[in-house]
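> could you look at this predicted model? Sequence included:
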Amino acid sequence: MKKQRLLYLLLALIMSLCIFNSCNTDTPDESTVPDTTLPVVEETLPVQTENVLFEPGVCDYRIVYPSDDTDAEFNAARKLQGIIEGHCGVKPEIVRATKSNTEASDPSVKEILLSFLDYEEFDTAISSVGYNDYVITLIGNKLVITGHEREGFNRAFEEFVSFISSKTVDGKLVVDNDLMISGKAGNKDYKSFYEVPGYPGGKIEDISLLGNSYTQVTIYDTDKEMYEAYAPRLEADGYSLYSENVIAENTYSTYTREDEMLYYYFCPNTGETRVIIAEDVNLPSLDEVKYTKVCEPAFICLRSLGDKGTVSGDSQGCIIRFADGSFMIYDGGNNNSYQAKQIYETLINYAPDPQKVVVRAWVFSHFHGDHIGAFRNYVERYRNNKTVTIEGFIFNFCDTVEQTETISPGQMAAVESAIKYLNSDVPVYKCLTGQIYRFPGMDMEILACMSDFIPLVIGYERADADKSKGDGNSMSTVVRLKTPEGNTCMLTGDSTNIVLDCMVDRYGAEYLDSDIVTTPHHAHNRESYRARNATIKFYDAVKPEILVVTSPNMNKFTPTGSYPYEVNVHVIKTYDPTIYKMDKLSLISLETLKEIK
């Protein structure tokens, strides 16, 4: 009985322990619990590092050539089509680009872009290389084959044909995503461009040789951000800043590297940038000219003299006398002894020391005979005269067809020869718009020059233009001098309405407001397609207080005959300027704007 009770007690103890364990709610240590969940695997897609341009039986790329193509570009597209078909057996589609299909370009469409196209990928590719370079690169689904100018594209195309030949295996051509093939196009005409960084954006309209080692690139669709981004590129490539200037929101910069000069400027009104490169050239000094005032600075209006010494013709010339008694000559007039003698005697008569006359600079607006002829005659007559010293020459002659061959053949070479004949060591400055030339008590700014309008040939854009006549006579270097008192004198040469209105659009009327203005020489004749006349728009901008009519015949500035008198009457009635004409020599004070008797 006692054993039986002991057995019951043992069974009760065991049951109690079981109940206690089943009621225990402690959470076990998670680190000791095995993980039975399946791992989450993230799917990694392979990165595409290459593109198949073509393979046997397949070519997903089409060939695009420009709408304004030449036969060479179309033939290049056909040649490339045949080469691809020869490798893979499929003839790719050829598409002639138009404004509509380039604006609606689909990034997903695979295309081979030839030459110069209005594609964002083209702009990216061409801005990544220097001038005179070619480039072959893959940007997204666009394979770009191009270069600066025609020579660049031709070289790029040749290199791509070689690339296909060397890289195609068993009818298949694979192109890396980071494909970049570039190099020099080898155009000897653009030697000065070989090592120049490309401009960071815009569309290149033209590359022009301007003579005297100058080469100019005209770029459209640019902005201030691109202008500012170019400086770091130049500095990274070894260029140093020489000078900067701002004229009414137009910005100008000069950089140098060893014997190279790079000048570029941006005009916000047109979105246009021009880059000019040259070697071994003279640059205007940055230093203020130190001087002692010995006389009243003045504008001297020369007479227009003909071959017989009488007042006649329409030759143009004037002289600026600075406060230290030195001079600057602008143009000069016709090629005759009377005009040359007048210049020499005027310098002698108005110099403080007639035995020691200094001409700081002789400036030519352009190289037509009635503007540079007197200088050529002056050299013949006074080359050995030691009384007058000419210290420099400033002009913007450009060795282009429209400015040399089609106007007065040999004029540019004749002037340069005359300068060397006078003094082979005298510095010659090829001025550029936006530059400042410093003289005693006066600065001269270049507001416009002949290279501004290249490749435009002024006159040829008119349907009725006489294309057998020259057009260099319609473009001039326009300068403006400013005194410490703030008085201004604008010299316009033979500028036409295209040049003058361009200046108004570029600088604005407020900036161009001037005290003394020479009438644009061709403002008198509206019958010639070259002349085009000055405009009310121009005169309303300059608002002249003194108007120097660049003709001895006042009838050409009054409501008579066939002349554009409505413009002339407007300026006379609206601004009532004091008028001087070239029938007598006049001396006008640049301090008081009054005639010095």
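Okay, I see it. Because the structure is a prediction, the values reported are computed rather than measured.
> for the record, mean pLDDT for stretch 443-450?
Averaged over stretch 443-450, pLDDT sits at 95.
> quick one: strands adjacent to the helix or strand that contains residue 143?
If you go by DSSP states H and E, residue 143 is part of strand 142-147. Applying DSSP bridges, strand 142-147 is found paired with strand 111-114 (parallel), strand 133-139 (antiparallel).
> distance between that strand and the chain's centre?
Its chain's average C-alpha position is 24 Å from that of strand 142-147, according to Cα atoms, centre = their mean, to the nearest Å.
> whatever helix or strand comes next after it vs strand 142-147, what angle?
Sequence-wise, the next helix or strand downstream of strand 142-147 (DSSP H and E) is helix 149-167. Put simply, helix 149-167 runs at 130 degrees to strand 142-147, going by axes from the mean of the first three to the mean of the last three Cα atoms, to 10 degrees.
> what residues of helix 149-167 count as buried?
149-157, 159-160, 163-164 (16 or more other Cβ atoms under 10 Å). In this view, the C-beta of every residue, glycine as well, is placed from N, C-alpha and C.
> so what are the domain limits for this structure?
50-193, 203-279, 298-457+470-589 (automatic domain parsing).
> reformat these as TSV; add distance to residue 596.
Listed next are those as TSV, based on distance: least, Cβ to Cβ, whole Å:
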stretch	distance to residue 596
domain 50-193	47
domain 203-279	30
domain 298-457+470-589	4
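> and those domains, which is most packed in?
Among the domains of the chain, judged by mean count of other Cβ atoms under 10 Å, the one packed with the most neighbours on average is domain 298-457+470-589 (a mean of 20).
> residue 588 reaches residue 579, doesn't it?
No: between residue 588 and residue 579 there is no contact under Cβ atoms under 8 Å: 11.7 Å.
> need the three-state assignment for residue 567.
helix (DSSP: H, G, I helix; E, B strand; the rest coil).
> what does residue 420 give?
Strictly by three-state DSSP, residue 420 counts as helix.
> after the helix or strand of the chain with the lowest mean pLDDT, which helix or strand is next?
Least confident helix or strand, the chain: helix 2-23 with a mean of 50, by mean pLDDT, DSSP states H and E. Following helix 2-23 in sequence order, the next helix or strand is strand 50-54 (DSSP H and E).
> how about the helices in the protein?
2-23, 71-88, 99-103, 120-126, 149-167, 224-236, 337-350, 369-382, 411-422, 497-507, 509-512, 536-542, 565-575 (DSSP state H).
> how far does the shortest one sit from the chain's center?
I take that to be helix 509-512. Counting by Cα atoms, centre = their mean, helix 509-512 comes out at 22 Å from the chain centroid.
> please begin residue numbering at 30 from this point
Okay, using 30 as the starting number, the last item reads as helix 538-541.
> find the nearest non-adjacent residue to residue 234, please.
residue 247 (4.5 Å; Cβ to Cβ, 6 or more residues apart in numbering).
> picking that back up, got a markdown table for the buried residues of helix 178-196, with distance to residue 462 and pLDDT too?
As requested, those are arranged in a markdown table below (distance: Cβ to Cβ, whole Å; pLDDT from 0 to 100):
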| residue | distance to residue 462 | pLDDT |
| --- | --- | --- |
| 178 | 23 | 73 |
| 179 | 27 | 77 |
| 180 | 28 | 80 |
| 181 | 27 | 84 |
| 182 | 30 | 89 |
| 183 | 32 | 90 |
| 184 | 32 | 91 |
| 185 | 33 | 94 |
| 186 | 36 | 95 |
| 188 | 37 | 95 |
| 189 | 39 | 96 |
| 192 | 42 | 96 |
| 193 | 45 | 96 |
